[in-house]
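> from the sequence below, what's the structure:
(one chain, ligands or ions: 2)
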Amino acid sequence: MQFNNFSSQPEEHSERNAQGMTVVLFGATGDLAKRKLFPALYNLYLENKMPEAFSVVGLGRTPYTDDVFQTKVEQSLRTYSRRTVEEEGLHQFLSSFRYCTFDATETTSYVKLNGLIEQREQELEIPENRLFYLSVAPGLIDVITSNLNTSGVSQTSGWKRLIVEKPFGSDLASARELNQKLRIAFHEDEIYRIDHYLGKPMVQNLETLILVNPVLDSLFNHELIANVQITASETVGVETRAAYYDHAGAIRDMVQNHMLQLVMMTALHLPKKAQPEEIRSKKVEIMEALRPIQGENLQTDLIRAQYGEGDLFGIDVPAYREEPGVPHSSMNDTYIAARLFIDNEFWKGIPFYIRTGKRLDKKSTRIVFEFKERPAQLEDYRPEGLAPNLLILEISPNESISLQVNMKDPSANKFKPSTITFTTNSSNQPEAYELLLHDAMLGNATFFANWKEVELSWQWIQPLLEAFEENQLPLVTYAAGSTGPKEAKQLLANDHANWW
Ligand SMILES: NC(=O)C1=CN([C@@H]2O[C@H](COP(=O)(O)OP(=O)(O)OC[C@H]3O[C@@H](n4cnc5c(N)ncnc54)[C@H](OP(=O)(O)O)[C@@H]3O)[C@@H](O)[C@H]2O)C=CC1
Ligand SMILES: O=C1O[C@H](COP(=O)(O)O)[C@@H](O)[C@H](O)[C@H]1O
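Numbers count the residues shown, from 1 in each chain. Ligands and ions are numbered 1, 2, ... in the order given. Model (predicted):
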């Protein structure tokens, strides 16, 4: 568990990897490597969280030399690292990088790769600890893992771990098939399925925050909570990703993974500091208790929408169907809102409202707990202006905890809501990829999605995908730059609630 912002205690994971290791990066010439992974490795290096001796082997079909590759890595750090590049030590960091021109579909590539990894392990006198990071298109995951196995690259005398990027399958059947293939070469506890929302510091700190703040803990009371709202709103549109996104939609791109992971993390509510295994089994219990949305609830509990043209920050932006690469007749969802119920003792009867969408009015990921009014106390005293008490956990882009309370307006017999916000104003937060890479290096899979969670998420989503396919649910429209479709507002209005 990280204590990045909210505690003066040392980080539990701040110990350095004592043993050396090799990071084998498939997709080293790609966008994710450039924007996130090289800067993450560099920031870990600056914080002394990399082993004293380590090797990074980058792979791709593009024919780079080691020098060109190291220059690309350096450019990525100068452009994307959250920390300013320090000239001292930079050369040493870059000298850990080697490049191997590699086609994942050719068996000879793996022989070459094996030779390079072994050569570096001998030069650096490091054990055969190998972290394979698959930052490639989903279609290559299967061929890479099976070749890693048959070529012997993944048969090491040290540990081996496999980090797999999203998307993990495109439906229940394909996710199961992919998992079976991975399991031929790797054990479940060697597979690290990345969900970068689990790497966001506020999400990683959630359990700890509640434990160290008895005031917050006391609010986790079934009698007090009226509803929970989880929002992940984005201002960006589909950008250049139409080829992927028009098949995935918000349902696969955000709900199946990030949103359901946030539901699990929010609903966990552990009364004591838990071991990684307890956290993961508790998450599975939450998913098992998540009531399916089916039958007539499909019409009442789920909103599916697509953005039309609109105005974002004063600039005209096109409708989704006018975006480059998107078919004019696309029926793809760019927004989903839903009302969920977790049928366990604690959350019984307390709705979880979730919503996520592109091209909304602001970028914000947050969890809001709305508290019930106390009708008994207020029966004969009901002043004007009361609003529900709220606990707001802002996850990104800025982290904060806010509490909305009712304050008396001294000039009138009226109340008005007032919010107090706690924040550390830290502008130099660790990136999700940094925290997750570090965890994987240490063999801590707490903040990675295990297979059971992924399978249950797809199982929960599958009927929705089928209903979308059969057009059982209307695809409504919202204006780009707005707060979302009116139908999503109505979803809460039906329960006499509002989105916060
Ligand atoms: N970019 C992002 O922000 C995010 C990406 N992801 C996921 O990360 C993964 C990578 O994404 P991204 O970096 O954007 O993708 P890119 O298309 O930018 O990169 C793909 C990489 O795969 C390599 N590659 C393609 N075919 C082969 C092959 N036959 N053999 C060896 N290497 C090959 C390419 O190298 P070359 O052409 O040199 O062969 C390139 O390095 C995807 O699964 C994506 O869904 C997840 C979240 C965010
Ligand atoms: O995984 C994804 O997440 C991003 C949103 O991530 P955030 O950290 O900026 O909230 C989303 O834009 C993208 O479509 C999706 O693939």
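
> just the helices in the stretch 351-500 of the chain please.
Secondary structure of the stretch 351-500 of the chain by DSSP state H, counting those that start in this stretch: the helices cover 375-378, 432-442, 451-469, 486-493.

> by mean pLDDT, show me the worst of these.
When the helices of the stretch 351-500 of the chain are compared by mean pLDDT, helix 375-378 comes last with a mean of 59.

> against ligand 2, how distant is the residue in the chain that ligand 1 sits nearest to?
Taking Cβ to the nearest ligand atom, ligand 1 has its nearest neighbour within the chain at residue 30, 2.3 Å off. (C-beta placed from N, C-alpha, C; glycine too.) Distance of residue 30 to ligand 2, computed by Cβ to the nearest ligand atom, to the nearest Å: 14 Å.

> that older thread, and among the helices of the stretch 351-500 of the chain, the most buried is which?
helix 432-442 (a mean of 22; mean count of other Cβ atoms under 10 Å).

> quick one: is it near ligand 1?
No. Under the criterion of Cβ under 6 Å from any ligand atom, helix 432-442 makes no contact with ligand 1; the nearest approach is 9.2 Å.

> list the helices and strands that helix packs on?
helix 38-46, strand 160-164, helix 201-212 (3 or more Cβ pairs under 8 Å, 6 or more residues apart in numbering; DSSP states H and E).

> could you rerun that using 6 Å?
Judged by 3 or more Cβ pairs under 6 Å, 6 or more residues apart in numbering; DSSP states H and E, helix 432-442 is in contact with helix 38-46.

> between the helix or strand that the helix it packs on is followed by and helix 432-442, how big is the angle?
Next helix or strand after helix 38-46 toward the C-terminus (DSSP states H and E): strand 54-60. With axes from the mean of the first three to the mean of the last three Cα atoms, to 10 degrees applied, the angle from strand 54-60 to helix 432-442 works out at 120 degrees.

> which helices and strands does strand 54-60 pack with?
Strand 54-60 sits against strand 21-26, strand 97-101, helix 107-124, with contacts defined as 3+ Cβ pairs under 6 Å, 6+ apart.

> ok, which of those comes nearest ligand 2?
strand 21-26 (18.7 Å).

> that older thread, most tightly packed of the helices and strands packed on strand 54-60?
Each of the helices and strands packed on strand 54-60 was scored by mean neighbour count; the highest is strand 21-26, a mean of 26, by mean count of other Cβ under 10 Å.

> specify the angle between that strand and strand 97-101 in degrees.
40 degrees.

> who's in contact with strand 21-26?
51, 54-59, 117, 129-134, 136, 144 (Cβ atoms under 6 Å, 6 or more residues apart in numbering).

> got the residues of the stretch 351-500 of the chain near ligand 2?
Residues of the stretch 351-500 of the chain lying near ligand 2 (Cβ under 6 Å from any ligand atom): 365, 396.

> what separation is there between the residue of the stretch 351-500 of the chain found nearest ligand 2 and residue 265?
Ligand 2 sits closest to residue 365 of the stretch 351-500 of the chain, with a gap of 5.4 Å, by Cβ to the nearest ligand atom. Using Cβ to Cβ, to the nearest Å, residue 365 is found at 12 Å from residue 265.

> quick one: pLDDT of the residue of the chain found nearest ligand 2?
Closest residue of the chain to ligand 2, Cβ to the nearest ligand atom: residue 253 (4.8 Å). For residue 253, the pLDDT comes out at 96.

> cool, and the one 4 residues further on?
The confidence metric pLDDT takes the value 97 at residue 257.

> specify the local secondary structure of it.
Put simply, residue 257 is helix when judged by DSSP: H, G, I helix; E, B strand; the rest coil.

> shaky segments in the stretch 251-400 of the chain?
Across the stretch 251-400 of the chain, the ranges flagged by pLDDT under 70 are 271, 375-380.

> measure how buried residue 409 is and give me the count.
14 (other Cβ atoms under 10 Å).

> grab the nearest non-local neighbour of it.
Among residues not flanking residue 409 along the chain, residue 416 sits closest, at 5.6 Å (Cβ to Cβ, 6 or more residues apart in numbering).

> run through the bridge partners of that neighbour.
residue 407 (DSSP bridges).

> read off the pLDDT value for it.
Confidence at residue 416, expressed as pLDDT, is 91.

> ok, it touching residue 383?
No. Look at residue 416 against residue 383 with Cβ atoms under 6 Å: they stay out of range, at 10.3 Å.

> show me the contacts for the closest residue in space to the residue of the chain closest to ligand 1 that isn't next to it in sequence.
Setting aside the residues directly before and after it, residue 30 is nearest to residue 135 in space (Cβ to Cβ, 6+ apart), at 5.8 Å. Listed by Cβ under 6 Å, 6+ apart, the contact set of residue 135 reads 27, 30, 32, 33, 165.

> and the third one, that's in a helix?
Same thing as residue 32. Yes. Counting by three-state DSSP, residue 32 is part of a helix.

> show me the contacts for it.
Counted by Cβ under 6 Å, 6+ apart, residue 32 has contacts residue 135.

> for it, give me the pLDDT.
Value for residue 32, per-residue pLDDT: 95.

> three-state assignment of the spatially most central residue of the chain?
Geometric centre of the chain, nearest residue: residue 197, 2.0 Å, by Cα atoms, centre = their mean. Secondary structure for residue 197, judged by three-state DSSP, is helix.

> thought residue 233 was touching residue 364, still the case?
Yes. Under the criterion of Cβ under 6 Å, residue 364 makes contact with residue 233 at 5.4 Å.

> so if I had to pick from the two, which one is more boxed in?
Taking neighbours as other Cβ under 10 Å, residue 364 and residue 233 compare with residue 233 leading, 19 against 16.
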